[in-house]
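Student: Okay, predicted coordinates and the sequence, questions at the end:
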Amino acid sequence: MTGSVQHTRAEAGKQYEVFHTDCPARDVVDHVTSRWGVWVLIALQSNSLRFYELRDGIQGISEKMLAQTLRALVQDGLVWREVEPTTPPQVTYGLTEFGRDVGEPLAELFDRITRRLSPRDAG
């Protein structure tokens, strides 16, 4: 795994000021709940994927937006990135422990929503 950032849990009793604009947790929440962040975390929930697999699997996302979203999630320590030194380079992404911890409730929420939709709503 290259390029991953490790986040540790807050010290006992320490609280983040999540409503403050300079709170680091707020940036992570913004990246997770961005238009494409949720879908990347759900897509990676079951296994690691190459860039093109993510691009093809998440309909509507451009390469530019996928790259920006992945970059932010890697910097936040939610996603790991591995580059194989081939020509062209093959880049694989997967969830860190932190990413699995955050992504699991998102996948569960998606599952709950889709179970409630009627068959005519499925798309």
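Tutor: Looks like it came in fine. Numbers count the residues shown, from 1 in each chain.

Student: May I have the residues that are in contact with residue 27?
Tutor: residue 76 (Cβ atoms under 8 Å, 6 or more residues apart in numbering). Where you see a C-beta, it was placed from the backbone N, CA and C, and this is true even at glycine.

Student: Buried ones in stretch 91-105, by neighbour count?
Tutor: 91-96, 98-99, 102-103 (16 or more other Cβ atoms under 10 Å).

Student: Stretch 57-77 now?
Tutor: Buried, per 16+ other Cβ under 10 Å, within stretch 57-77: 58, 61, 65-66, 69-70, 72-74, 76-77.

Student: Out of the residues you listed, which sit inside helices?
Tutor: 65-66, 69-70, 72-74 (DSSP state H).

Student: Pick out the least confidently modelled helix or strand of this protein, by mean pLDDT.
Tutor: When each helix and strand of the chain is scored by mean pLDDT, DSSP states H and E, helix 24-32 comes last, with a mean of 88.

Student: packing partners for the following helix or strand past that helix?
Tutor: Where DSSP states H and E defines the elements, the next helix or strand beyond helix 24-32 is helix 37-43. Helices and strands touching helix 37-43, as assessed by 3 or more Cβ pairs under 8 Å, 6 or more residues apart in numbering; DSSP states H and E, comprise helix 24-32, helix 51-57, helix 63-75, helix 97-116.

Student: could you dump helix 37-43 to PDB, C-alpha only?
Tutor: Output of helix 37-43 as PDB, limited to C-alpha atoms (Å, rounded to 0.1, in the frame of the first residue of the first chain):
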ATOM      1  CA  GLY A  37     -17.400  10.000  -2.400                       C
ATOM      2  CA  VAL A  38     -20.300   7.900  -1.300                       C
ATOM      3  CA  TRP A  39     -20.300   5.800  -4.500                       C
ATOM      4  CA  VAL A  40     -16.600   5.200  -4.400                       C
ATOM      5  CA  LEU A  41     -16.800   4.000  -0.800                       C
ATOM      6  CA  ILE A  42     -19.700   1.700  -1.600                       C
ATOM      7  CA  ALA A  43     -18.000   0.400  -4.800                       C
END
